[in-house]
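In: Could you look at this predicted model? Sequence included:
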Amino acid sequence: MAKSESAGRQLSEAELQELVAASDAGGRSPTGAVATFLAAVALLWSLFQVVLASPLANVILPGDIINNSRQIHLAFAVFLAFLAYPALSTSPRRYIPVQDWVMAAVAAFIALYGYVFYQKIVDSGGLADDVDKWFALLGLILLFEAARRALGPAMAIIATIFLAYVFFGSSEWIPEVIRWKGASLKKAMSHMWITSEGVFGIALGVSTKFVFLFVLFGALLEKAGAGNYFIKMAFGALGHLRGGPAKAAVVGSAATGLISGSSIANVVTTGTFTIPLMKRVGFSSEKAGAVEVASSVNGQIMPPVMGAAAFLMVEYVGISYVEVITHAFLPAVISYMALVYIVHLEAVKRNLPTLGNKVTSLARTIFGMFLFFAGFAALCYGVQFPVKAIVALVPEGAGWILSALVVLAYVALLWLAAQVDDLEPDDPNAEQVELPEVSEIYKSGLYYLLPIIVLVYFLMIEQKSPGLSAFWATALLFVILLTQRPLKAMMRSHGDMAGAFRFGVIDLGQGLIDGARNMIGIGLATATAGVIVGTVTLTGVGQVMADLVEFLSGGNLIMMLIMVGLLSLVLGMGLPTTANYIVVSSLMAGVVVELGANSGLIVPLIAVHLFVFYFGIMADVTPPVGLASFAAAAVSGGDAIRTGFTAFFYSLRTVVLPFFFIFNTDLLLIDVTLIEGIVVFVVASIAILIFTAGTMGWFITRNTIVESVALVAIAVVLFRPGLVMDQIQPPFHVSQPSQLTEVLGAASEGDEVRLILNGPDFDTGDLKETTIVLTVTGAPDGDARLAAAGLAAFDEGGVMKLDEPFPGTPFFDTLSSFDFYGDEPVQVTSVKAPADQMPKELIFIPALLLLGLIAFLQRARANRQEIPA
């Protein structure tokens, strides 16, 4: 459905589902045998992926299938793409033209080319011959066409530009700054299709191993009824508050975002209920849609799925999955806290009415929600202790005993659910809206938490692979979908058990089909993005991008970060989140780390990847291409462009948070103790609420301009106290290069000494500067400590020269861009050792005192004006 058709007109439920299908699962809906065939292929894909992720994969599947699972994964994706997505807006929806069948079959065969001709490729050393190159080229063309259908034209256009650069990068009409020697068709096709450097690279591997299972897990959980349960619980807890429907929309979307990778599906799923109710209590169509957009899009920054980006970060950053979601957790949580506060301030400013006749204080509601989430977290953490006891007592049969206990817990919770009526979706347009009572409905879906507990336990406690963790959680969902209906019928002593079981089988089958169809776009996005990644590795364009960004930003780190953020935003306007993240992180993550080091800022790689990811998801919000904003406008009947701009304003905290955690990695819980982490969480929560109050123009009462500026300044200081403390007390003692060994010898074990290096660039010969961090270890001898880091420095004529690090030593890769054998030496120009500095947290005191003064002044003004706070 075209955007222009949906903008300004409220769509029907059928039209909304068509909108989601066209965006996420394909716009075609053929009937009869063809529909059955499509469903069977999707079902087969899901079953293949489940078996592939299972512990018995090596027993059930032949080794060559496991080794070539990426090819099989892509074959399913392209086959279904040509059949499920029409070529043009005028193409038929009710049947599949012959040419689409042909393209689907040919594309699937070429995707399997590496599997079918595996031995031939191995014998040729992984290089394409004259036949392979033409098959590979045709495969790329068909992949780009499938991506165009499923993802829109931007993805295919960008990939085509990068591929053209591979072939024509040596042409004179290419600017000299990005020119390279070019590649032959055979070499390019080997790199892009035959090896694992291009299409079948890391991104598609992550899609195959991890992402599919999590998307399937979300689809099955939704099919079981968990989505409706989460929304009902959110409305029961928050719906009675001022602006309650909007607050419930935020919390419900956050819960849905935990299991969903699609912002558009999240908007439509929760928005069809929340947006009419928001309008009912006084929100305009655009503001109601904007709240839903901001809530739903932010679901993609919420661990554990994060729109598939979490699994890609594991591969790209080289840290464990647990570390990725630990670092991503705090910004995501405080972002949602800010959105709830935005909604609260909107309701207070406009003096909006409450919904229903239930009366509960905000403090009591927040305390109750805190107890629930704290209890859930404690349960996920505490379950390890009885598990360890059982494993210790019965090591051989522990698996069976634990499985039986999970089933027993499921039956007990299902019996609890059978004591109340099943939850039915409410009509938000009903004349009388009855808010659900949490005390009455919570029993009906507690068993939905079991698969989530299993998932979190295997991920966080057992620290199993994401794929295996999702497999066990999905296996439990298989059991739930098949048995919840018949067991409830039996426990209630009424109903047709055979019919209930049949409906359970239908639910499971439909969930498997939905999961596969939701994966078409992600599979194609990761495969097509592999062309861009392959171009970067083949041409070395990443270094060129670093030089270009450094030139355009004038070496200013803030300007460089703004440029990277804008690039992520612009690329994201035409790409799905996953593809945007792959493209921009491949191009820019290394650039930010390198240029940060050049400026003396050591930026952890995970911070850069999260920075890029945050800006990428904003593209779903931002006009003129913000798809989530168009979907929300279709639900609300509001103007799509105004909805998008309002949602962007509501999402300002998502824009500024990445800048804060780049400069203050404590916000990502990097190298902090438990106590420090709690302090960071509390202070960051206060800071994001103050920032929100400043940007919304309302704290206790309406802000003056000076108060708004002061509130934003206080938030900045709370987010980055080191900015002020460093002006009061410098964080480093700066020493001359000749004092290097003395400084290292005097440093304490574990101290981080920074060396500022200057030398010729290996490619250009131009002098450049960078900073490395040397962690002091070993006996207190400067030369020995330097040697332990793999470095050798010697003073020659007052110049502290540095030898090239040996391969395998810590700084070999870091310093590989320097030319150690040029006319100009690589030298140490400055040594910075940690200086004694007062705790930066002392800066919180004056900031909070200023906040107290603003609160006092506003309270007095509010009392004079007799405006309710």
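Out: Ah, there it is.
In: What mean pLDDT does the longest helix anywhere in the chain get?
Out: In the chain, assigned by DSSP state H, the helix with the most residues is helix 497-539. Averaged over helix 497-539, pLDDT sits at 88.
In: Which SSE is immediately downstream of it?
Out: Scanning forward in sequence from helix 497-539 by DSSP states H and E, the next helix or strand is helix 541-553.
In: coming back round to it: name the helices or strands packed onto the longest helix of the chain?
Out: Counting contacts by 3 or more CB pairs under 8 Å, 6 or more residues apart in numbering; DSSP states H and E, helix 497-539 is packed against helix 32-53, helix 69-84, helix 130-151, helix 153-168, helix 202-206, helix 212-224, helix 466-492, helix 577-584. For glycine as for every other residue, the C-beta is placed from the backbone atoms N, C-alpha and C.
In: which of those sits most buried?
Out: helix 577-584 (a mean of 30; mean count of other CB atoms under 10 Å).
In: any idea of the angle that one forms with helix 497-539?
Out: Interaxial angle of helix 577-584 relative to helix 497-539 (axes from the mean of the first three to the mean of the last three CA atoms, to 10 degrees): 10 degrees.
In: Buried ones in the helix or strand just after helix 577-584, by neighbour count?
Out: Elements were assigned by DSSP H and E; along the chain past helix 577-584, the next helix or strand is helix 590-598. Buried residues in helix 590-598, counted by 16 or more other CB atoms under 10 Å: Gly590, Val591, Val592, Val593, Glu594, Leu595, Gly596, Ala597, Asn598.
In: pLDDT for these - can I get that in a markdown table?
Out: What follows is the buried residues of helix 590-598, written out as a markdown table (pLDDT from 0 to 100):
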| residue | pLDDT |
| --- | --- |
| Gly590 | 78 |
| Val591 | 77 |
| Val592 | 81 |
| Val593 | 81 |
| Glu594 | 77 |
| Leu595 | 76 |
| Gly596 | 79 |
| Ala597 | 77 |
| Asn598 | 72 |
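In: Any chance of TSV for these, columns distance to Arg502?
Out: Shown next, in TSV, are the buried residues of helix 590-598 (distance: CB to CB, whole Å):
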residue	distance to Arg502
Gly590	55
Val591	57
Val592	55
Val593	56
Glu594	60
Leu595	61
Gly596	59
Ala597	62
Asn598	65
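In: returning to that earlier point: between the helices and strands packed on helix 497-539, which gets nearest to Thr829?
Out: Set against Thr829 and scored by CB to CB, the helices and strands packed on helix 497-539 come closest in helix 577-584, at 32.3 Å.
In: just checking, what packs against that closest one?
Out: Contacts defined by 3+ CB pairs under 8 Å, 6+ apart place helix 577-584 against helix 309-317, helix 497-539, helix 557-572, helix 605-617.
In: Most tightly packed of those?
Out: Stretch with highest mean neighbour count among these: helix 605-617 (a mean of 25; mean count of other CB under 10 Å).
In: helices or strands up against it?
Out: Here helix 605-617 touches helix 309-317, helix 321-349, helix 557-572, helix 577-584, helix 590-598, helix 652-663, going by 3+ CB pairs under 8 Å, 6+ apart.
In: Let's have the ones you listed in TSV, adding distance to Val51.
Out: What follows is the helices and strands packed on helix 605-617, written out as TSV (distance: least, CB to CB, whole Å):
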stretch	distance to Val51
helix 309-317	19
helix 321-349	22
helix 557-572	34
helix 577-584	24
helix 590-598	37
helix 652-663	38
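In: measure the residue lying closest to Arg720 once chain neighbours are set aside to Ile480 for me?
Out: Excluding the flanking residues, the one nearest Arg720 by CB to CB, 6 or more residues apart in numbering is Asn664, at 4.7 Å. Asn664 sits 42 Å away from Ile480, going by CB to CB, to the nearest Å.
In: Equivalent analysis for Ala392, please.
Out: Distance of Ala392 to Ile480, computed by CB to CB: 29 Å.
In: Also Ala489?
Out: Separation of Ala489 from Ile480 (CB to CB) stands at 15 Å.
In: tally of neighbours for the residue nearest to Arg720?
Out: For Asn664, the count of nearby residues is 19 (other CB atoms under 10 Å).
In: And for Ile678?
Out: Other residues within reach of Ile678, judged by other CB under 10 Å, total 11.
In: hang on, it in a helix?
Out: Yes: under DSSP: H, G, I helix; E, B strand; the rest coil, Ile678 sits within a helix.
In: circling back: nearest to Thr326, of the helices and strands packed on helix 497-539?
Out: Closest among these, once you apply CB to CB, is helix 466-492, at 14.0 Å.
In: Output the contacting helices and strands for that closest one.
Out: Judged by 3+ CB pairs under 8 Å, 6+ apart, the packing partners of helix 466-492 are helix 32-53, helix 212-224, helix 309-317, helix 398-418, helix 449-456, helix 497-539.
In: Distance to Ala249 added to the ones you listed, as JSON lines?
Out: Converted to JSON lines, the helices and strands packed on helix 466-492 look like this (distance: least, CB to CB, whole Å):
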{"stretch": "helix 32-53", "distance to Ala249": "30"}
{"stretch": "helix 212-224", "distance to Ala249": "17"}
{"stretch": "helix 309-317", "distance to Ala249": "23"}
{"stretch": "helix 398-418", "distance to Ala249": "25"}
{"stretch": "helix 449-456", "distance to Ala249": "21"}
{"stretch": "helix 497-539", "distance to Ala249": "22"}
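In: if we compare those helices, which one ends up closest to Val549?
Out: Nearest to Val549, of all the helices and strands packed on helix 466-492, is helix 497-539, at 14.3 Å by CB to CB.
In: and the angle from that closest one to helix 590-598?
Out: With the same axes, to 10 degrees applied, the angle from helix 497-539 to helix 590-598 works out at 60 degrees.
In: Show me what the host helix or strand of Gly694 is in contact with.
Out: Assessed by DSSP H and E, Gly694 sits inside helix 674-696. Residues outside helix 674-696 that contact it (CB atoms under 8 Å, 6 or more residues apart in numbering) are 330, 334-335, 337-338, 341-342, 345-346, 349, 649, 652-653, 656-657, 666-667, 669, 672, 699, 703, 707-712, 714-716, 718-719, 841, 844, 851.
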